[in-house]
Structure formats: C-alpha cells, structure tokens
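>>> just need the structure, nothing else, for what follows:
(2 chains)
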There are 2 protein chains.
Amino acid sequence: MGNDTQSCDLCINPGGAILWQSALCRVVRVDDPHYPGFCRVIWNDHVREMSDLAANHQLLLMRVVFAVESVVRQLFNPDKINLASFGNMVPHVHWHVIPRWQDDRHFPEPVWGSVRREGKAPRPVVGDEALAQAVSVALANIE
Amino acid sequence: MGNDTQSCDLCINPGGAILWQSALCRVVRVDDPHYPGFCRVIWNDHVREMSDLAANHQLLLMRVVFAVESVVRQLFNPDKINLASFGNMVPHVHWHVIPRWQDDRHFPEPVWGSVRREGKAPRPVVGDEALAQAVSVALANIE
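All right, here's what the predicted structure looks like:
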C-alpha cells in the first residue's frame, strides 16, 4: 500500500490496452475473456483517494466513467453495470467499469467473489479499435 | 433483477440508519461491526444505472458520495476507502462507501471476497448521532 510512484503499477504501466487518453486520465480495456467490455478509467497522477482530487477533477473523472458506462451498455448489452474504485492493492485512483450478465461466472456476486458457474454464454464481440472509436466519440467533449 | 418498485428493498426500506436525506438521495449507515463507518448513498428514485440519471443528478450524487468519503476518512482514519455501485441484487442506484484497514477481515480483497483473518483490531467508535452530524455539516451546501 505504498505511495511510492516508483513502484506503482499504474504509474509505470498503462494498465491495459489504451482506448482513450487525455492529460489527466485514460481509459483502458481489461483483457478478461469472461467480461468483454470490462474497462478501467485511470487517473494519470498518483492520487490515492477520490477525496484527494480537486472537486473539478473528481467530476471530470466521473464524467469519463459514466461515458464509458454508456458505451459499454450500448456495445455489450449487459444486464447490469458494476462500478468500483478500491485501490487496496494499487492505491492509485482507478475505476472499474464492468458489464455483468445474469449468466456470467459470478453473478449476482461482484466479479471478485466466488465462481458460481462456467459463464461461457456467447457475448458481443467488439474489437479494441471499435471500442476505442466509440469511447472517443462519447468523450469528444471532454478535455 | 426486476424493475418492480413494489418489490425493491431500497424503495420499500431506508436501507440502514438514516444519517442525512434530501428530496433526491439519502445517506445511511450500514450495521457491520467489522466495518464501522460503512455508509451507503442511495438515490431515492428507482433508477437502475448511473447512466440512466440526468448529468446534473449524476454529479450531485457523486458530490454526496465524496463528501461522505471525506467524513469517513476524518472520523475512522482508514488505510483506504472503497467505493462501489453494483446493484446486482437490488438494481436501484446505491453507492457503498467502505473504510478499509490493512488488518481488516478481507484486506486487500474487496469486502465481498474471502475472509482472510479475524480482523478484530480496535476501530474508532463513532455513534450514529455524531456521524449524522458530521455528514450533515459536510453536506450543508448540497440541495
């Protein structure tokens, strides 16, 4: 739980395939075959908690999170969206945007819970480029 | 996963001890002895996803979430804050604001993960009235 940017995975690495980025934050795709469309929205600077961000930055980051949520809903048609910001392992503000289906591996538990079933029902297939394009359109008005 | 407000627990019940409420949302305390200071911020209307809310309501709700986060940090001095909005079981927008300690039952996993230890280290004791008072002060400028 260090505050050392030298050892912080999200300071050193993008954290996934970059779909969109600005001077302040970035959107990456998480490579999880059970949860296609799983994205993370990562604040670029090493900040520990949302309440450590200035109010305008908090709201800007959430606008990005909700825009990504909208894109994931449109492209992956999940039964539910899960949003979470933990940072217990990497205390650098990042948001999980996770599409959930009633027949996925963990439903109705969070994806960090126990596996309940195989969850291999077919899901929408959307490539990185198409997802990046949709995210960029949704974020066209975000600086 | 119904949309039926007649059977929705958060339409029927407050969801915990009410610390603060407005016409739009409420803050309740979750009764969990392992996580004192665990609060939920609940949208009053039966809305499924954050992206189903109008933009001004999204941002208002997050201002409340972050104000509660600040209060929980001040009063309970956790090592980390966890924020999450799932709604897999109750698809009615509500946010979990959870103080975490490195020696708590589940750390570094989310509180929905497996139990790792007893986690009975002493935690700050703050009564409902004192917590409600601090939340009300933090939300004084929220309509």
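>>> could you use CA atoms for every contact and neighbour count after this?
Will do.
>>> where's the residue nearest to the spatial centre of chain A, which helix or strand?
Centroid-nearest residue in chain A, with C-alpha atoms, centre = their mean: A:Arg40, separated by 1.9 Å. Per DSSP states H and E, A:Arg40 falls inside strand A:39-43.
>>> burial check on A:Asp52, number of neighbours?
13 (other C-alpha atoms under 10 Å in any protein chain shown).
>>> can you count the residues close to A:Glu109?
19.
>>> check contacts around it.
A:Glu109 sits next to B:88, B:112 when contact means C-alpha atoms under 8 Å, 6 or more residues apart in numbering or on different chains.
>>> list, one by one, the residues from chain A near chain B.
Proximity of chain A to chain B (C-alpha under 8 Å from any C-alpha of the partner chain) is limited to residues A:49-51, A:59, A:62, A:66-67, A:69-70, A:80-89, A:91, A:107-110, A:112-114.
>>> out of those, which end up buried?
Neighbour-count burial (16 or more other C-alpha atoms under 10 Å in any protein chain shown) is assigned, among the residues of chain A next to chain B, to A:49-51, A:59, A:62, A:66-67, A:69-70, A:80-88, A:91, A:107-110, A:113.
>>> show me the residues you listed that map onto helices.
Residues of those located in helices (DSSP state H): A:59, A:62, A:66-67, A:69-70.
>>> circling back to that earlier point, which residues are contacting the strand holding A:Arg40?
By C-alpha under 8 Å, 6+ apart, the list of residues contacting strand A:39-43 from outside reads A:10, A:24-30, A:61, A:64-65, A:68, A:92-98.
>>> who does it pair up with?
Strand pairing for strand A:39-43, determined by DSSP bridges: strand A:25-29 (antiparallel), strand A:94-100 (antiparallel).
>>> export that strand to PDB, keeping only CA atoms.
This file holds the C-alpha atoms of strand A:39-43, laid out as PDB (Å, rounded to 0.1, in the frame of the first residue of the first chain):
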ATOM      1  CA  CYS A  39     -12.800  -1.100 -18.900                       C
ATOM      2  CA  ARG A  40     -10.800   0.900 -16.400                       C
ATOM      3  CA  VAL A  41     -10.600   4.600 -16.100                       C
ATOM      4  CA  ILE A  42      -7.300   5.600 -14.500                       C
ATOM      5  CA  TRP A  43      -6.300   9.000 -13.200                       C
END
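>>> could I get the buried residue list for that strand?
By neighbour count, with 16+ other C-alpha under 10 Å as the criterion, the buried positions of strand A:39-43 are A:39-43.
>>> could you dump the residues you listed to a markdown table with pLDDT?
Output for these, formatted as a markdown table (pLDDT from 0 to 100):
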| residue | pLDDT |
| --- | --- |
| A:Cys39 | 98 |
| A:Arg40 | 98 |
| A:Val41 | 98 |
| A:Ile42 | 98 |
| A:Trp43 | 98 |
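>>> show me where chain A dips below the pLDDT cut-off.
Within chain A, the ranges that satisfy pLDDT under 70 run A:1-3.
>>> quick one, what contacts the spatially closest residue to A:Ile81 that is not a sequence neighbour?
Nearest residue to A:Ile81 in three dimensions, chain neighbours excluded: A:Pro99, at 4.9 Å (C-alpha to C-alpha, 6 or more residues apart in numbering or on different chains). By C-alpha under 8 Å, 6+ apart, the contact list for A:Pro99 reads A:35-38, A:72-73, A:76, A:78-82.
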